[in-house]
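# A predicted structure for the sequence below; I have some questions about it.
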Amino acid sequence: MSVPLLTQVGQLARRSVLRTLRQPAQIVPALVFPLFLLAVNSSGLARATNLPNFPTKSYLTFALAIPFMQGALFSVMNAGTDLARDVETGFLNRLALTPLRGSALLSGLLAGAVVLGLLQAATYLLVGLAAGASFAAGVPGVLVIVALSMLMTVGFGSVGLFAALRTGSGEAVQSLFPVFFVFLFLSSMSLPRNLIQTDWFREVATYNPVSYLIEAVRSLLVKGWDGEALALGFGVAAIILVVGMVAANAALHTRMVRT
Amino acid sequence: MTQPEGIEVERLVREFKKGPRAVDGIDLEVAPGKIYGFLGPNGAGKSTTVHMLTTLLPPTSGTARVAGYDVVSQGPQVRSRIGAALQEAALDPFLTGREHMRLQTAMHGLPKPERAARGDELLARVGLIEAADRKVGGYSGGMKRRLDLGLALVHRPRILFLDEPTTGLDVQSRTALWSEVARLAREDGVTVFLTTQYLEEADALADRVGIIDHGRLVAEGTPTALKAEIGRPTVEAIPRDDGELDALASVMERFGERAGASPKGVSVRLRGGEADLANVVRALDAEGIGVEHLQLHAPSLDDVFLAKTGRSLEGAGGEEETATEPAAVTA
C-alpha cells in the first residue's frame, strides 16, 4: 500500500514534537544554560565595550547572539539522542516494517528540533528585550534571526541524526556535545575577530564556521542589515544542513538494511 | 510456488562479519493458518532467522518466500503482508497506546477515517482500551507485549512473526498472550511464526515445531511426532514402605529400563508406552507392594532437544543474537 510522503512526514513530525514537549530534560537545559552563560558573559565582560572599535556600547546586545548558537548545538544532542533511542529499542525496526521512506524519517525527526528551536529563539529574544538589548535591524531583523536560528537548529540536528544512525548509541551522540562546544569557544563568541589579539586564536576563529553563524545573528542585533554577514551565516548553516542530511541519509541506508 | 499465506525456506544462511554463521542452511515450510514454533536456546539463530524472513536482514545465501514473495527481491510485497512483534517490545515510552496506534495505522496507509476505529478495536482486543491514553513508559511488561502484538496487526497481516513474545512475562500475562495468538490462528486463519525458548509454549501453541541449535535445524515435526520419535513415557513409583524398594524395582524393571528417579522411588521408561501403565499397576498389586506415589511422565520437547543435541534446553543458551544490530554486521 502506497502511503503519501506528506502523511509519513506529518505523522513522524507529530511524534517528534510530542516526545520533545514531553521531555522537560530536553527543553529546560536548552533554554536555561544559554541564558545563564549570557548573564555571566554580559556582566563579566561588559568592560570589553571600552576597547577601541568595539561595535556597540552594550555587551548584552553583542552577546545575545551566542544563545542562538548554543541552542542550535543542543539540537545535535536532542535529535540524535531520540533517534539513537529508536535504534536501541527497535522502534526503527518497527518503522522499517512499514512502507516508510527514509527521507520522511529524517525530515519528521527534525520537526521536534524545529519546535524546540522556535521555543528557544522566542525565549532568548524576549529575555534579551527585557534585559535591555537592542535590535538594530528592527522587527524584520528579529524575523530573520528566527529564520536563521531555525536553519542552524535543523542543520545541527541533522548532524545529530547522522551520529545516531552511525553509532546507534545515545551515549555516543551525547559525547559529541562537548566537542561542539569547543567550536563555540574557539569562535568569535566573546570578541569581534578583529579585536582578538592572540594570533592563533584569531586564525582558528576565522576558519571556524561557528564564527560566521554567530556574526550573522550579531549583525542584525548590532549593525542593522549586513548582506555579507547574512550571506555567510545562511550559507554556512545551509552547508551544515546539506552535509548533515547527506551523511544521515547514507548512514540510514547502512543502518536500515531491509530488502 | 509457495502458498500465498505460507512460508517456505530453503538452505537459508546468514553469516556475520568476524562472527559465527548465525543461521546455517535451514529448510522449513509453514502451512497457511498454522502456528510454527521455532524453539531453541539464546543465540541459536532464531532472531536472525526472523529478521531475514521479515526482510530486515538480507540472507547471505539460500532462499525464503513469505506469502509467495521472495524476501530479497520482493521486500515491500512481503512487508505489506506480514506483521511482526520483535524480540523486545519496540515502543516509545513518551507516547500513549492510542498515539502508537495512530502512528502505526497512518504509516501502514490505512485511510484516515478508519484509523481511530481500527486502533480502538485492537486496543480493546488486547485489553488495553482503559490504558489507551496513558504513556507507554508506565505500562507493565505484559501490557507492552500486548500493545506490541496489537500494533503488529493494524494492517490485517496474513502472516505474523512473534519473536519470543512471552519472554520475561508473568504466568498470567503469558497465558493471555497464548490465548490471543491461538485465537488469531484458529479464528482468523493467520499464519504464525513464533520463536521461543520455552518448551511449554511451543508444546501448547504450535502445530509444528522446528528445533534450532547453533544455526542448524536439528529436528522438525509436530510436537507429538517429535516426542514419539525419540521418547517413551516413564513411570515413577515410590513404595509406601521403604523396605519394599528393591521388590518394587524388580517388578517395574519387567516393563522397561531404569530411568532417573528420586532416591525414594524407581522410574522406568515404559517399553510398551502409556498402555503399559495399567500392567504396572496390576503387577504391583499382584505382588502386594503398596505404592504411595505413582506418576506417568510423558516425553517432553526437552527430551527431543536432549536427544538431538546432547544437551538440555535449560541452560543451553549461548550469547545473545546480534540480528538487531544490522549496521554492525553489514557493510
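Right, received. Where do you want to start? Since the model is a prediction, treat every value here as computed from it, not as a measurement.
# switch to C-alpha atoms for all contacts and neighbour counts from now on
OK.
# Over to whichever residue of the stretch 51-200 of chain B sits closest to chain A. Which of the three states is it?
Nearest residue of the stretch 51-200 of chain B to chain A (C-alpha to the nearest C-alpha) works out as B:Leu56 at 4.2 Å. Recorded secondary structure, B:Leu56: coil (DSSP: H, G, I helix; E, B strand; the rest coil).
# Surely A:Leu38 and A:Leu64 touch.
Yes - counting by C-alpha atoms under 8 Å, A:Leu38 touches A:Leu64, with 6.7 Å between them.
# of the two, who's got more company?
For A:Leu38 and A:Leu64, the more surrounded residue by other C-alpha atoms under 10 Å in any protein chain shown is A:Leu64, and the numbers stand at 29 against 22.
# tell me which parts of the stretch 51-200 of chain B are close to chain A?
B:54-58, B:71-76, B:79-80, B:86, B:88-92, B:94-95, B:103, B:106-109 (C-alpha under 8 Å from any C-alpha of the partner chain).
# So which of the residues you listed sit within helices?
Residues of those located in helices (DSSP state H): B:Gly75, B:Pro76, B:Arg79, B:Ser80, B:Leu103, B:Ala106, B:Met107.
# now for those residues, which pair is the farthest apart?
Using C-alpha to C-alpha, these span at most 21.5 Å, a distance reached by B:Gly75 and B:Leu103.
# May I have the residues that are in contact with the residue of the stretch 51-200 of chain B closest to chain A?
With contact taken as C-alpha atoms under 8 Å, 6 or more residues apart in numbering or on different chains, B:Leu56 is in contact with A:Asn93, A:Ala96, A:Leu97, A:Met256, A:Val257, A:Arg258, A:Thr259.
# so how far is A:Leu35 from it?
To A:Leu35, B:Leu56 is 45 Å away according to C-alpha to C-alpha, to the nearest Å.
# Same check on A:Ala248?
Taken as C-alpha to C-alpha, the span from A:Ala248 to A:Leu35 is 30 Å.
# can you list contacts of stretch B:219-235?
Counting by C-alpha under 8 Å, 6+ apart, residues outside stretch B:219-235 touching it are B:202-203, B:206-212, B:259, B:267-271, B:273-274, B:277, B:294-301, B:303-304, B:307-308.
# what's the span of that stretch, first residue to last?
Note: stretch B:219-235 ends 26 Å apart using C-alpha to C-alpha.
# And that stretch, what's buried?
B:219-223, B:226-228, B:230-235 (16 or more other C-alpha atoms under 10 Å in any protein chain shown).
# try stretch A:244-259
A:244-245, A:247-249, A:251-252, A:254-259.
# from those residues, which ones fall inside helices?
A:Gly244, A:Met245, A:Ala247, A:Ala248, A:Asn249, A:Ala251, A:Leu252, A:Thr254, A:Arg255.
# and those residues near chain B, which?
A:Thr254, A:Arg255.
# near chain A, which of the contacts of stretch B:219-235 show up?
Counting by C-alpha under 8 Å from any C-alpha, no member of these is near chain A.
# Just the buried residues out of those, in ChimeraX syntax.
Those of these that count as buried under 16+ other C-alpha under 10 Å are selected in ChimeraX with:
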select /B:202,203,206,207,208,209,210,211,212,267,268,269,270,271,273,274,277,296,298,299,300,301,303,304
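# Restricted to helices, list the contacts of stretch B:219-235.
Per DSSP H, those map to helices at B:Ala202, B:Asp203, B:Leu277, B:Leu301, B:Asp303, B:Val304, B:Ala307, B:Lys308.
# from those, which is closest to chain A?
B:Ala202 (24.7 Å).
# how much space is there between the closest one and B:Ala106?
Counting by C-alpha to C-alpha - B:Ala202 and B:Ala106 are separated by 34 Å.
# for A:Met150, same thing?
28 Å.
# go on, A:Ala25?
29 Å.
# So for these two, which sits in the more crowded spot?
Set A:Ala25 next to B:Ala106 and count neighbours by other C-alpha under 10 Å: B:Ala106 wins out with 25 against 11.
# Run through the residues that contact residue 54.
I'll assume chain A. Counting by C-alpha under 8 Å, 6+ apart, A:Phe54 has contacts A:Ala48, A:Pro192, A:Leu195.
# meant chain B, my bad for not saying
Here B:Thr54 is in contact with A:Leu97, B:Val71, B:Val78, B:Arg79, B:Ile82, B:Ala84, B:Phe161 (C-alpha under 8 Å, 6+ apart).
# same check, this time on B:Arg125
Counted by C-alpha under 8 Å, 6+ apart, B:Arg125 has contacts B:Gly150.
# Can you give me the distance of the residue nearest the centre of chain A to chain B?
Central residue of chain A (C-alpha atoms, centre = their mean): A:Ala72, 1.6 Å from the mean position. Using C-alpha to the nearest C-alpha, to the nearest Å, we find A:Ala72 at a distance of 23 Å from chain B.
# all helices in the stretch 51-200 of chain A, in order from the N-terminus.
A:59-63, A:65-89, A:91-96, A:102-131, A:138-167, A:170-185, A:199-207 (DSSP state H, counting those that start in this stretch).
# Take the ones you listed and write them to TSV, including mean pLDDT.
Formatted as TSV, those follow (pLDDT from 0 to 100):
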stretch	mean pLDDT
helix A:59-63	95
helix A:65-89	91
helix A:91-96	92
helix A:102-131	90
helix A:138-167	95
helix A:170-185	89
helix A:199-207	95
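# B:Ile7: how many residues sit nearby?
So B:Ile7, with other C-alpha under 10 Å, has 24 neighbours.
# can you check the one 5 residues further on too?
For B:Leu12, the neighbour count with other C-alpha under 10 Å is 22.
# secondary structure class for it?
Assignment for B:Leu12 (three-state DSSP): strand.
# and if you look at the one 10 residues further on?
Classification of B:Ala22 by three-state DSSP places it in strand.
# Report pLDDT for it.
On pLDDT, B:Ala22 comes in at 92.
# Show residues contacting stretch A:76-93.
Residues contacting stretch A:76-93 (C-alpha under 8 Å, 6+ apart): A:26, A:109-110, A:112-113, A:156-165, A:167-171, A:173-174, A:176-177, A:256, B:56, B:86, B:88-92, B:324.
# I'd like the ones in helices among the contacts of stretch B:219-235 written out as a markdown table, with pLDDT and distance to A:Ala131 added.
What follows is the ones in helices among the contacts of stretch B:219-235, written out as a markdown table (pLDDT from 0 to 100; distance: C-alpha to C-alpha, whole Å):
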| residue | pLDDT | distance to A:Ala131 |
| --- | --- | --- |
| B:Ala202 | 86 | 69 |
| B:Asp203 | 85 | 72 |
| B:Leu277 | 90 | 93 |
| B:Leu301 | 76 | 75 |
| B:Asp303 | 74 | 78 |
| B:Val304 | 77 | 78 |
| B:Ala307 | 72 | 80 |
| B:Lys308 | 76 | 78 |
